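Chemist: Got a sequence here, can you model it:
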Amino acid sequence: MEFKHFSHNHGLVFHQMPQSAQIQCSGCHCLGTGPVYTCWRCSFFLHDQCFRANRSLKHPSHPLHPLTLTPYPTYPSNSFYCNSCTLIGSGFSYSCSECDFDLHVHCAYSPIPNQPIPCSHPNPNPIPNFSPPTVHSPAPAEPESEPPVGFPTGKDRETTHFSHPHRLKLTEVQEKDGKKCSGCEYIVTGPVYTCVEPDCGVDFHLHKKCFELPREVRHKSHLDHALTLLPSPPYQDGFACNACLEKGSAFVYHCTTCSFDLHVECVRWPEKVQRDDHEHALSLFYAPPVPKKDGEEPAAEDEEEKVTFVCDVCHHGVHEMAWTYYCHECDFGTHLDCVVSKVQPPVDKPVDDDAAAAAAIQEAQMKLALLQLLVNGGGPIEFKFS
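Modeler: Okay, the predicted model is just below:
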């Protein structure tokens, strides 16, 4: 008797694997033995759990939307970050495309909140016996290896931070003061942690959000290793961010093995951005996508001529190593910063001075709004242009 599964084109047959034999499940990519569904022609195997996993699931760790079972990751990296166990996955996942929230199949069916069953278990938690808990603590959006040290409970409390030798106090700072955050290097405003040592010698200030940054993160742009938050670059002349390619001299998320570096604000770029002047959401790509025209043969590796990806907002080229926002349907893409800006007229056309001034003011306002969002945290971004 053959069984159908949405993830495979051929029929599957039920097979009891010998106790000494192990296979890798084509769904969750975990090792296992015992009952499996298989396509011998393709060497395709599914655990009993993966075969019977629900196509849609309401999970207590993500109550906003149902999660959909996807047969492979939908991200450009061809992998996903599990919001429960914080490990990278490459097979089946329960996914929310609106929130970029993902769970391994075995993590989704774990009976204990935030305690995923190990992947190596041959048949972790068979689905018919699964009863999800009624109370579940939401999984964190970012992994945090250790909380900020001495986090204060009130405004007047002093505290410490690993990046500075002196005690800090939470104060209110006005934008007109022109003080810069020692973490992200942007102008600080609102609640800010400030050094209380009068003889410090360093004008040290930290946005509240920068104070609360996790000491270690895993990012989809660099799946091989975790990124560690450093208070200063490990190089003599600062660092070049692998996202925006701009220089930095303060906090940096760094991979020692690969010399990979990200600004703390670049770590927070959302996976999707919706512009009100574009029909589709723009997706974040970790290298400029260069679409191949219909009928066009791929270029030879030794071909000298290279295709340059041009930003559809500012009309300037995007570096081949820079991150970008892009819509495949319309072949529309932007620099990271330009995703918040209004489309500019081509440079070879005359521009009305008043209109150009108004556009510049609006662009500055939008960039300020983005900065505030990145500093204060937030979900998917939507921008409107008048």
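
Chemist: correct me, but residue 319 touches residue 245?
Modeler: Yes: at 5.7 Å, residue 319 counts as touching residue 245 under the criterion of Cβ atoms under 8 Å. Backbone N, C-alpha and C define where each C-beta goes, glycine included.

Chemist: so what's residue 266 closest to, chain neighbours aside?
Modeler: Spatially, and ignoring its direct neighbours in sequence, residue 266 is nearest to residue 243 (3.8 Å; Cβ to Cβ, 6 or more residues apart in numbering).

Chemist: what about residue 253, helix or strand, and which?
Modeler: Counting by DSSP states H and E, the element that carries residue 253 is strand 252-255.

Chemist: Quick one: residues in contact with that strand.
Modeler: 217, 219, 222, 224-230, 232-234, 239, 260-264, 267 (Cβ atoms under 8 Å, 6 or more residues apart in numbering).

Chemist: got it, and stretch 4-13?
Modeler: Applying Cβ under 8 Å, 6+ apart, the set of residues contacting stretch 4-13 is 1-3, 26-27, 37-42, 44, 46, 51, 55, 71, 92.

Chemist: CA atoms only: put that stretch into PDB for me.
Modeler: The C-alpha coordinates for stretch 4-13 follow below in PDB (Å, rounded to 0.1, in the frame of the first residue of the first chain):
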ATOM      1  CA  LYS A   4       1.000  10.200  -0.400                       C
ATOM      2  CA  HIS A   5       2.800  13.100   1.200                       C
ATOM      3  CA  PHE A   6       2.900  16.700   0.000                       C
ATOM      4  CA  SER A   7       6.700  16.900   0.300                       C
ATOM      5  CA  HIS A   8       7.400  14.200  -2.300                       C
ATOM      6  CA  ASN A   9       6.300  13.400  -5.800                       C
ATOM      7  CA  HIS A  10       6.100   9.600  -5.500                       C
ATOM      8  CA  GLY A  11       4.100   7.300  -3.300                       C
ATOM      9  CA  LEU A  12       5.600   6.200   0.000                       C
ATOM     10  CA  VAL A  13       5.500   2.700   1.600                       C
END
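
Chemist: Going along the chain, name the helices of the stretch 51-200 of the chain.
Modeler: Ranges of helices in the stretch 51-200 of the chain, per DSSP state H, counting those that start in this stretch, are 105-108.

Chemist: could you point out where it is predicted with low confidence?
Modeler: Within the stretch 51-200 of the chain, the stretches with pLDDT under 70 are 76-78, 111-157.

Chemist: which stretches of it form strands?
Modeler: Applying DSSP state E, counting those that start in this stretch to the stretch 51-200 of the chain gives strands spanning 56-57, 67-70, 80-81, 88-89, 93-96, 101-103, 158-161, 164-173, 190-195.

Chemist: List the pairing partners of the host helix or strand of residue 227 within its sheet, with orientation.
Modeler: Using DSSP H and E, residue 227 sits within strand 222-230. Within its sheet, and counting by DSSP bridges, strand 222-230 is paired with strand 216-219 (antiparallel), strand 252-255 (antiparallel).

Chemist: which parts of stretch 230-250 are buried?
Modeler: By neighbour count on 16 or more other Cβ atoms under 10 Å, the buried set for stretch 230-250 is 230, 233, 239, 241, 242, 243, 244, 248, 250.

Chemist: So which residue of this protein lies furthest out from the middle?
Modeler: Centroid-distance maximum for the chain: residue 1 at 43.0 Å, with Cα atoms, centre = their mean.

Chemist: so how far is residue 11 from that one?
Modeler: Separation of residue 1 from residue 11 (Cβ to Cβ, to the nearest Å) stands at 9 Å.

Chemist: try residue 328
Modeler: 33 Å.

Chemist: ok, and which of the strands paired with strand 222-230 has the densest surroundings?
Modeler: Comparing the strands paired with strand 222-230 by mean neighbour count (mean count of other Cβ atoms under 10 Å), strand 252-255 comes out on top with a mean of 22.

Chemist: Averaged pLDDT, that strand. What do you get?
Modeler: Mean per-residue pLDDT for strand 252-255: 93.

Chemist: Check which element follows it along the chain.
Modeler: Scanning forward in sequence from strand 252-255 by DSSP H and E, the next helix or strand is strand 260-262.

Chemist: Which positions in that following strand come out as buried?
Modeler: Buried-residue list, strand 260-262, by 16+ other Cβ under 10 Å: 260, 261, 262.

Chemist: Just the closest of those to residue 209, please.
Modeler: Proximity of the buried residues of strand 260-262 to residue 209 (Cβ to Cβ) peaks at residue 262, which lies at 15.6 Å.
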